[in-house]
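Student: one predicted model, sequence on top.
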Amino acid sequence: MADKEVSIEYKVFKDFGIQFDEKNNSYGTIRVAQWYKVGAEPDESKAKLEIRKFSEGPNGEKALKGYTFSTPEGPHELTEAMVKIGYGDTKKLLKELSTREDFKESVENINVDDEDNSDGGEMFDMRSLLLGIEADDEAS
């Protein structure tokens, strides 16, 4: 007995307008979307963040392989892991991070007393590097 084929549709609830890894007629993108059975109504509360490859052809956009995050923490964990293993241009990352509302507070609260200096390098106050302040001049 053959399995019954299920048709699914794809509804984008938020497109960040970011394309990456472009080659020929394909590209990767980041969107909040939901996959659902044909005939069902899309439900934004069930939409999830996904990273997916698409190809562009005469019939429009075609979804290829991708990854859908199953938890709210997943995208944060991936971002932190990618930075930790060396991905991302440091200058560009810092520039983007500096536009976030929590940037200054986060930098001011970096634990400068952290005992973990496993690389044997010189210790310095990260706040002075990122905010241009002296460690003694925190009150300003």
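Tutor: In hand now; what should we look at?
Student: ok, now how distant is Thr68 from Ala47?
Tutor: Distance, Thr68 to Ala47, by CB to CB, to the nearest Å: 10 Å. Placement of C-beta: from N, CA and C, glycine included.
Student: now do the helix ranked longest in the chain, average pLDDT.
Tutor: When the chain is parsed with DSSP state H, its longest helix is helix 74-84. For helix 74-84, the mean per-residue pLDDT is 97.
Student: helices of this protein, start to end?
Tutor: 74-84, 90-97, 103-108, 126-131.
Student: ok, Pro75 - contacts?
Tutor: Applying CB atoms under 8 Å, 6 or more residues apart in numbering, we find Pro75 in contact with 49, 69.
Student: any idea how far it lies from Glu22?
Tutor: Counting by CB to CB, the gap from Pro75 to Glu22 is 21 Å.
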